[in-house]
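1. Can you look at this prediction? I've put the sequence above it.
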Amino acid sequence: MSGTSDGKVAGYARFAVRRAGWVVGAWLLFTVVMNVAVPQLEVIAGQDSSPMVPEDAPSTQTVRAMDEAFGNGGSESFVVVAMERTAGLTTADRRYAESLVGELQRDKDDVVFVQDIRKPELRTALTSKDGQARYLLVGITGATGAPASMRQVTAVRELVREHAPEGLTVQVTGPTATVVDLTTETEHSVVRITVVTIGLIALILFLIYRAVAVPLIVLGVVGLGLGVGRAVVAWCGLQDLFAVSTFSGSFLTAIVLGAGTDYAVFLVARYHEQRRLGVEPTRAAALAATRVGGVIAGSAVTVVLATLCMVVADLGIFNTTGPAIAVSIAVNLVLSLTLTPALLALAGRRGWAEPRESKAAGAWQRVANLVATHPVRMLTASLVPLALLAALFPLADLSYDVRDPLPEDAESNQGFALLARHFPVNEVLPDYVLIQADHDLRNTKDLALIERAAAATAQHDGVALVRTITRPTGKPITQASLAYQSGAVGDRLDEAKQKVAQGAGGADRLADGADRLDDGATALAGGADQAVVGARKIATASSRLSRGMDQLLTGADAAISGTGDLRTGASSLADGLTTAADQVQLAVDSLGLVHDALTTKSLTCGLDPACRQARAGIKKIWEAERDQLLPGLRTAASGARTLATGTDDLRTGLTRLRAGLAQARTGSQQLSTGQRTFARKLDQLSTGADRLADGTGQLRGGTEEVAASLPQLEDGLASAVRHLRTTRREASTPAGGGFYLPPTALTNQSFATASKLFVSADGRTARIAVLGSTDAFGPEASTRSHEVRDLVATSFNDTRLADAKVSVTGMAATNKDLRGYSVSDLEVIGACALLAVFLVLLLLLRSLVAAFALMATVVLSYGAAIGLSVLVWQYGLGIQLDWTVAAIALVILVAVGADYNLLLTKRMHEEAPDGSASGIARATAATGGVITSAGVIFAVSMLALMAGRVTTIGQVGFTIAVGLLLDTFVVRSLLVPALATLLGPRLWWPQKPQAAAAESGA
């Protein structure tokens, strides 16, 4: 420290001692005013909106884009309202869940989105298969980790419990709720941690000083320092100079208590040293502040600069904690350098702060002598364990699971356990792959590409289920499967069949007509048989006619040979024969018409043997009457007429008469034969023809209906053909991959519901929900989330979606971003803090070798502390170290460890400017007690963080505590003195020993 700086410190110290009462009063007044005028730190922290992950994080940007596409653009995070009734959800539970939607939607200040469980399809999807649990998502404006989300989650919890039915367990969970629970537990732990810390520090102080006054002075300084430090940090947050969070208050409390105690102990140690030399109390207090003030200032500056390096971090837990600690340490530096000397002067004047004999001085002298005598051995003894512990550093398996730090009875953890009992793994913690295109994706080609990406994702290791527009339930939609397409063809054909079935009545009538036609034909055959009977009757009459003709022929013979009034008889006979001929002519004409009808007009008679036989018989009768009977009668009539008129010879007439009668007899015989055949058929043939006509009439009506249905059948088949051809064309493309969703499916109600869940209203954004088979908070899930994103993006290469933006969000993706930011923050914070501390050491020691050597020991001590924590927590207790431990422990251990080394090295520079081993031993012995006390007190204050219920804070406290103890008992006591002894005068390079000695003497 330069002479100018020492002079300023001395001036402040003399003023504080001379105006001790005023200084104490001023600090008390300032503390009271600040704590009254400025809201408490927790209130200011609750007004902050800094998220856990930066707003420009890929996962956060994707959440915002997804909310704009599927929500109302106002959701920054989501919570899950989980419900359970082990006996099975009741109707009252359903009504409660549905009413809850409306109540949450009315809370415009806290809620911007509620999953509408009133819709049947959503209610089914959000209800467990065992019927015992149900959940719904609620969107809030507070980002995960932002204090604003704490108020909103609390409001949601109060609302959902207000009207919950008796026996229904209702819990609000989700990552955001977990962070809120973590914040709440941290706040509740602050009071406990503060009480435990002050109690432990008080106990150690009483053990060290074995008096009441000095511990009370130290505790008073530390108490005021904590009160004013918190108030100043709250004021800075109120003025938006920097953001503060709940974690700011937790770490600030422990570090201020530890550092403030250290500064006070350093001053008390120098004060006691001066009192032992006989310096009066007021001057001793001033000298103590002057001699050690530079070291305290340098120590505080290292902490301030190291913690300020956290401002450059991206993560909120770092950039809100670092500035708060830096400001509080700066305030405590001023308070320690003014209030502590003032209190020592006031107490010293009354004899309350006198030193007591220390039994530890001799022990530290022996340690110092051992190091000076065996520097190599002591260097090895200290380096080996530190190196072995540091070797465990790379084995650290950091946890990014925000649930781990919380106790199992935290509401969010209970909610996760509830969901795990009833729903698939990661049901409410899926990864969402967002696909943003420049056109509407609701077409078969783009849906085929999305399905191809979903199918590839489903095959990825660790993926349990994939849901998207083409597979809303986790399986490809039925309409897009080959089985469904085949079924669709069958359905189309079935539709055609149904249309044909509409003409089934006509087909039935057609069949009935055919039956009737057959019956008619049968009846026609039967009628022919009966016609035979009738014909037989006619044949009998014909036989009688034939016999009469025989008798007539006999009479003619008698007439020829007989006598009588032949002329008269012949005339009468001629008239009778003419009449008979006329009658026969009518019969002949009628039979000719019948024969002609059966031959030319009946299409069925030629098919029926009986009808053909009847027609042949009629022909014989007709021909007999036409060719035989009728000519014979006419010939006979002509002969009789000739006989009657006497124009012919009587014999010739009689002969011709006889010949005619003979011919007529032959005709009558043929008539008799034909009539027997005709009689068998005629009557029933008429009846059969009538029935046949009826049957053919019905056949005609049926065939007309069938003909009318044939176009419908044709249309159905044509539709099926078009469907098959379109399916072949669309599904056979490489991009389609065999997937084809017909346009008709896009208008389906179920598909429309799924579309709203997985495709935005404008159709330009689609999302794929990916449920992993491993813990969503685990490293495997984080790695898989980005692999899935890359897989989806790759599947779109050389397709119409090649230019689509593909991003991923969800708990696993957020943890992936968190992991990346934490690693980069650790690197940046570490490099910045190491550089800042190195420059401070270089400035204060003005030795490049000393500054570099001290930094090396600090880094080694930090590595050993992390290694020991890995050994205890990860391998001993089976609990992973939280990701925050490494960065926070680095800043504190580098800064505080450098402080202790700086205090020792500055004393070495005073005692051994030439690098002598004896001078180094004196410095080691002189500072051993005070540095050990300070280190133990600071370590205890950090161990007090384990009194809280948040594992993360406990791990940070443990790691810093063991690091400080290693610094105190190994690095400061053995390693640095041994290294300084081995380096000798080279320790102060590039300073010259003579110059250093001269300065020392000054």
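-> Sure thing, it's come through.
2. give me the element Ile768 is part of.
-> Ile768 belongs to strand 765-772 when assigned by DSSP states H and E.
3. cool, Ile44 as well?
-> For Ile44, the host element (DSSP H and E) is helix 41-46.
4. just Val80 next, same as before
-> Going by DSSP H and E, Val80 is in strand 77-84.
5. What is the burial count for Arg94?
-> Residues lying near Arg94 (other C-beta atoms under 10 Å) number 17. Glycine gets a C-beta too; all of them are placed from N, C-alpha and C.
6. got it, and Ser189?
-> Count around Ser189 with other C-beta under 10 Å applied: 21.
7. distance of it from Gly229?
-> Separation of Ser189 from Gly229 (C-beta to C-beta, to the nearest Å): 19 Å.
8. mind listing what Val870 touches?
-> 392-393, 395-396, 881 (C-beta atoms under 8 Å, 6 or more residues apart in numbering).
9. ugh, typo on my part, it should be Pro120
-> Contacts for Pro120 (C-beta under 8 Å, 6+ apart) come out as none.
10. Show me what the helix holding Ile44 is packed up against.
-> helix 147-162, helix 213-238, helix 246-276 (3 or more C-beta pairs under 8 Å, 6 or more residues apart in numbering; DSSP states H and E).
11. I'd say Arg134 and Met83 touch.
-> Yes. Assessed by C-beta atoms under 8 Å, Arg134 is found in contact with Met83 at 4.9 Å.
12. Report pLDDT for Leu252.
-> With respect to pLDDT, Leu252 scores 86.
13. Can you get me a residue count around it?
-> 25.
14. again with Thr794
-> 11.
15. Could you do the one 4 residues further on as well?
-> Neighbour count for Asp798, taken as other C-beta under 10 Å: 8.
16. so where does it fall, helix or strand?
-> Using DSSP H and E, Asp798 falls within no helix or strand.
17. do you know how far it is from Gln239?
-> Taken as C-beta to C-beta, the span from Asp798 to Gln239 is 56 Å.
18. hang on, the earlier thing: give the buried residues for the helix holding Ile44.
-> 41-42, 44-46 (16 or more other C-beta atoms under 10 Å).
19. pLDDT (mean, whole number) over it?
-> Here the average pLDDT along helix 41-46 is 78.
20. outside of that helix, which residues touch it?
-> Outside helix 41-46, the residues that reach it (C-beta under 8 Å, 6+ apart) are 147-148, 150-151, 187, 230-231, 233-234, 237-238, 244-246, 248-249, 252.
21. coming back round to it: residues in contact with the strand holding Ile768: which ones?
-> 65-66, 69-70, 424-427, 430-437, 441, 450, 453-454, 457, 462-469, 758-760, 780-781, 784-785, 788, 792, 810, 812.
22. cool, stretch 95-114 as well?
-> In contact with stretch 95-114 (C-beta under 8 Å, 6+ apart) are residues 67, 71-72, 74-75, 78, 81, 83, 115-118, 123, 134, 136-141, 151-152, 155-156, 159-160, 163-165, 168.
23. returning to that earlier point: what helices or strands is the strand holding Val80 leaning on?
-> helix 91-106, strand 133-140, helix 147-162, strand 169-173, helix 175-209, helix 411-422.
24. which intervals of the stretch 701-850 of the chain have sub-threshold pLDDT?
-> 701-754 (pLDDT under 70).
25. residue ranges for the strands of it, please.
-> 765-772, 805-809 (DSSP state E, counting those that start in this stretch).
26. if we can go back for a sec, hey, C-alpha coordinates of the strand holding Ile768 in PDB?
-> Extracted in PDB, the C-alpha atoms of strand 765-772 (Å, rounded to 0.1, in the frame of the first residue of the first chain):
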ATOM      1  CA  THR A 765     -46.400 -22.500 -36.800                       C
ATOM      2  CA  ALA A 766     -46.500 -26.200 -35.700                       C
ATOM      3  CA  ARG A 767     -45.100 -27.800 -32.600                       C
ATOM      4  CA  ILE A 768     -44.000 -31.300 -31.700                       C
ATOM      5  CA  ALA A 769     -44.300 -32.400 -28.100                       C
ATOM      6  CA  VAL A 770     -41.500 -34.900 -27.200                       C
ATOM      7  CA  LEU A 771     -41.800 -36.800 -23.900                       C
ATOM      8  CA  GLY A 772     -38.500 -38.300 -22.900                       C
END
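27. what angle sits between that strand and strand 805-809?
-> Strand 765-772 and strand 805-809 are oriented at 40 degrees to each other (axes from the mean of the first three to the mean of the last three C-alpha atoms, to 10 degrees).
28. From Thr320, how far out is the nearest residue to Tyr400 once chain neighbours are set aside?
-> Leaving aside its sequence neighbours, Tyr400 sits nearest to Asn815 (C-beta to C-beta, 6 or more residues apart in numbering; 4.4 Å). Distance of Asn815 to Thr320, given as C-beta to C-beta: 20 Å.
29. Likewise for Leu287?
-> 40 Å.
30. what's the answer for Val279, then?
-> Counting by C-beta to C-beta, the gap from Val279 to Thr320 is 45 Å.
31. which of those two has more neighbours?
-> Comparing Val279 with Thr320 by other C-beta under 10 Å, the one with more neighbours is Thr320, at 25 against 17.
32. about what we covered before: mind listing the strands the strand holding Val80 pairs with, and their directions?
-> strand 133-140 (antiparallel), strand 169-173 (antiparallel) (DSSP bridges).
33. Can you add mean pLDDT and give the helices and strands packed on strand 77-84 back as TSV?
-> Below are those laid out as TSV (pLDDT from 0 to 100):
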stretch	mean pLDDT
helix 91-106	91
strand 133-140	91
helix 147-162	86
strand 169-173	95
helix 175-209	86
helix 411-422	93
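34. of all those, which gets the most neighbours per residue?
-> With neighbours defined as mean count of other C-beta atoms under 10 Å, these peak in mean count at strand 133-140, which reaches a mean of 24.
35. between that strand and helix 175-209, how big is the angle?
-> Angle, strand 133-140 to helix 175-209, by the same axes, to 10 degrees: 80 degrees.
36. Verify the contact between Phe70 and Ser760 for me.
-> Yes. Judged on C-beta under 8 Å, Phe70 makes contact with Ser760 at a distance of 6.0 Å.
37. ok now do the residue lying closest to Glu787 once chain neighbours are set aside, which residues does it touch?
-> The shortest distance from Glu787 to any non-neighbouring residue, by C-beta to C-beta, 6+ apart, is to His460 (6.8 Å). His460 is in contact with 784, 787-788, 791, counting by C-beta under 8 Å, 6+ apart.
38. cool, and Leu389?
-> Neighbouring residues of Leu389 by C-beta under 8 Å, 6+ apart: 863-865, 867-868, 871.
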